[in-house]
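**Q** give me a model of this one.
(chains A and B)
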Amino acid sequence: MGKPDAGLDKERRAFIKKVLNGTVAGSLLLVIPMPIGAATPEIKEQIPGIRGKKWDMAHKRFAFIVDITLCIGCGSCCVADRLEYNVPAGYYRTWVERYLKDFNDNVYVDSPNGGFDGYQTPRADIDVEVRDTFFVPKLCNMCKEPPCVQVCPVGATFKTPDGFILVDAARCVGCAYCIQACPYSSRYLDPFTRTAEKCTWCYHRVRKGLLPICVNVCPTKARKFGDLNDKNSEVYKLLHEHEVLTVLKKDMGTYPALYYKGLRREVV
Amino acid sequence: MDALNFVFPNDLHVHWSMMIVLYPYLTGLVDGSFIVAALYYVFGVKSLKPLSRFSLVFALAFLSCAMFPLMMHLGRPERNQNMMITPSPTSAMSGAGFIFTVAIVLIGLIVLLVYRPTLVNLRLKSKGVMKILYRVLTMDSTNLSPESLELDRKIIKFLVAIGIPVATVLHGYVGFLFGGVKANPSWSTPLMPVIFLFSACVSGISALVLAYIVIKKLTNQPVDLACVRTCINILAGFFILAFSFEMLEVFSHSYLRTWYHHAVEGLLNGPLLYSFWVWQVVICSVLPLLLLGWLCLFKLRASVFKFFAATVSIMLLLQVLLMRWNVVIGGQLMSKSTRGYTQFHPEWFDKEGIITVIVLMGLPFIVLFILSKIFPLWLEEEKASS
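**A** Okay, the predicted model is just below:
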């Protein structure tokens, strides 16, 4: 009876030693500083000319181009955006509209749940012969003359020198004047923070040389983003070649930095 | 739902709801009653004397409550002082706090100066807390010499004269808050401040006439018919202007038939068909216009005149409320997609709900009641007590 007991004791001792060693080693890992790069490999730079250079905001001129002819209405951009910003249900930083046109030139538009679920089935509520259909992703237009910035009574909505329109949630009083002023309905009042929210073109990512998350996930490259001062960027090439590009609600005089390729006249 | 109806996903919410209907309504009542005071003190319309003091205290009571709806509306009301501390000069809204402060200080000063002889007399007669209060309100001066009263009169005239542009800015500015929103085709018109201003005058004068007749009836005091007649004549003038501009806005655009018209006609003939055309235009504008014509042009018996003066005042108060509703909430029903309309369902117990509206509408009357205990509203009461 004694032998098995002695063996058990040895095993116990060995087990306790292992646990103790593990605990000490684990604690040391928490205490000793480790280089970050070793734990998380750096994501490859997606927008050239940002990393490792002194950030000169005024010299950047970003543009966003949506190619309507490439969008398949999968909703990946909406899903990625909602996950990136934890956007509450019923509010949208970006959304995708579905346009249908019949042979009588009637235009049927819908955007159930902002296109979040993807357009997997045809519209059930209309019974017409569809002549044409296309998808239009929408997001902040980052206007050069932004009405939202103009009307903000406390300067909480502001324009960065590199052209991004952002909201300082710590200053916003939640008056919703900017929401009224935005011709594109890109803004909403967050029901939890009770302040204005909007698409930022993922400013936090761009500052680190990464593309906006919706651009990153778009499977058909319908969403394009880049610096217009970089002559090698896709947006520069698109805007300086023979492509037909236009902006939304041109007559509003807001001069958006969001351009659409292949935009149809039915789109508002 | 109509298959052609498309509302931008973020446009399903009506962000400016009943509080923003109430705010211009309250400031409008202030403006209108101040007009009556200005007509008496600056332009010497003597027949308005019975209402001269009441109109000022009425304006003060409503102005002191005018900011509450805005506070209730703000998502972060605790940051409201940012509008004064960090105002953005490009924003039409950032002037609100400053214009409001100027207006309330000015009307407060006018009330104190107009009431100075009364307050001095009351100070001499009262005891305890009221004596201290009157001492503060009279700035510890009991000088009622003819020279000082003459100086008072000149200062009052000057302050009320300044008050006219201040009151104009106070309300014209509210109209501009809407008129300056280019994103909303039913708001962005240079006529908006003008429409708001004249309708403010209409609502304020109507409120004064109604309150005067009701209070006098309840307290069994005689109504000064000449005063009410003058008010009704002025009311008719302002209402003709207000209604003409409201209709000019609609008809000129419907004649021009630009994109603006096509965007707005669906709204006015669709979701706003009843609240705009039936209620605001036909029931609360055309009918009162006919009634006002009858009251102004025909010699009527005193009792008939009083009854219909009160009736037309109620209708016009409703007209202006409907106008605010149709502009503020109606304007937001149309999505910026210009392809469809959202819906608005008022809640009872919401932060900006119906109960809040009732409380906030009742508040100025409570303030008015308290003020009436300090400032006698009617000259006859004062004569009787002295």
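
**Q** going by C-alpha atoms from here, please, whenever you check contacts or count neighbours.
**A** Fine.

**Q** tell me the residue furthest from the middle of chain B?
**A** With C-alpha atoms, centre = their mean as the measure, chain B has its most outlying C-alpha, relative to the mean C-alpha position, at B:Ala3: 40.9 Å.

**Q** isn't that one up against A:Arg123?
**A** No: taking C-alpha atoms under 8 Å as the definition, B:Ala3 is not a contact partner of A:Arg123, at 9.7 Å.

**Q** for the stretch 51-200 of chain A, what lies in contact range of chain B?
**A** Taking C-alpha under 8 Å from any C-alpha of the partner chain as the contact definition, the stretch 51-200 of chain A meets chain B at A:90-92, A:95, A:106-111, A:113-114, A:125-126, A:150-155, A:171-176, A:179-189, A:194-195.

**Q** PyMOL command for the buried members of these?
**A** Here the buried members of those are turned into a PyMOL selection, burial being counted by 16 or more other C-alpha atoms under 10 Å in any protein chain shown:
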select buried, chain A and resi 91+92+95+107+108+109+110+111+113+114+150+151+152+153+154+155+171+172+173+174+175+176+179+180+181+182+183+184+185+186+187+188+189+194+195
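
**Q** so of the residues of the stretch 51-200 of chain A next to chain B, which ones are in helices?
**A** A:150-151, A:179-181 (DSSP state H).

**Q** B:Met323: which of these is nearest?
**A** A:Gln180 (18.9 Å; C-alpha to C-alpha).

**Q** and the closest one, how far from B:Gly180?
**A** A:Gln180 is 10 Å from B:Gly180, where distance means C-alpha to C-alpha, to the nearest Å.

**Q** do B:Ala236 as well
**A** For B:Ala236, the distance to B:Gly180 (C-alpha to C-alpha) stands at 29 Å.

**Q** quick one: end-to-end distance for stretch B:86-98.
**A** When the termini of stretch B:86-98 are compared using C-alpha to C-alpha, they are 12 Å apart.

**Q** show residues contacting that stretch.
**A** Contacts made with stretch B:86-98 from outside it, assessed by C-alpha atoms under 8 Å, 6 or more residues apart in numbering or on different chains, are listed as A:150-155, B:83-84, B:173, B:176-177, B:180.

**Q** equivalent analysis for stretch B:161-177, please.
**A** By C-alpha under 8 Å, 6+ apart, the list of residues contacting stretch B:161-177 from outside reads B:24, B:27-28, B:31, B:34-35, B:38, B:42, B:92-93, B:99-100, B:102-103, B:106-107, B:190, B:192-197, B:200.

**Q** please pick the buried ones from these.
**A** Neighbour-count burial (16+ other C-alpha under 10 Å) applied to the contacts of stretch B:161-177 gives B:24, B:27-28, B:31, B:34-35, B:38, B:42, B:92-93, B:99-100, B:103, B:106-107, B:192-197, B:200.

**Q** name the element A:Leu166 belongs to?
**A** If you go by DSSP states H and E, A:Leu166 is part of strand A:165-167.

**Q** check A:Asp9 too.
**A** The secondary structure element spanning A:Asp9 is helix A:2-31 (assigned by DSSP H and E).

**Q** ok, B:Phe62 next?
**A** Counting by DSSP H and E, the element that carries B:Phe62 is helix B:49-65.

**Q** try A:Phe64
**A** Using DSSP H and E, A:Phe64 sits within strand A:62-67.

**Q** poorly predicted segments of the chain, please.
**A** Chain wasn't specified; assuming chain A. Low-confidence segments of chain A, defined by pLDDT under 70: A:1-8, A:28-41, A:55, A:57.

**Q** hm, I was asking about chain B
**A** Along chain B, segments meeting pLDDT under 70 span B:1, B:381-386.

**Q** can you list the buried residues in stretch A:155-168?
**A** Taking 16+ other C-alpha under 10 Å as the basis for neighbour counts, the residues of stretch A:155-168 that come out buried are A:155-159, A:163-167.

**Q** no more questions from me, cheers.
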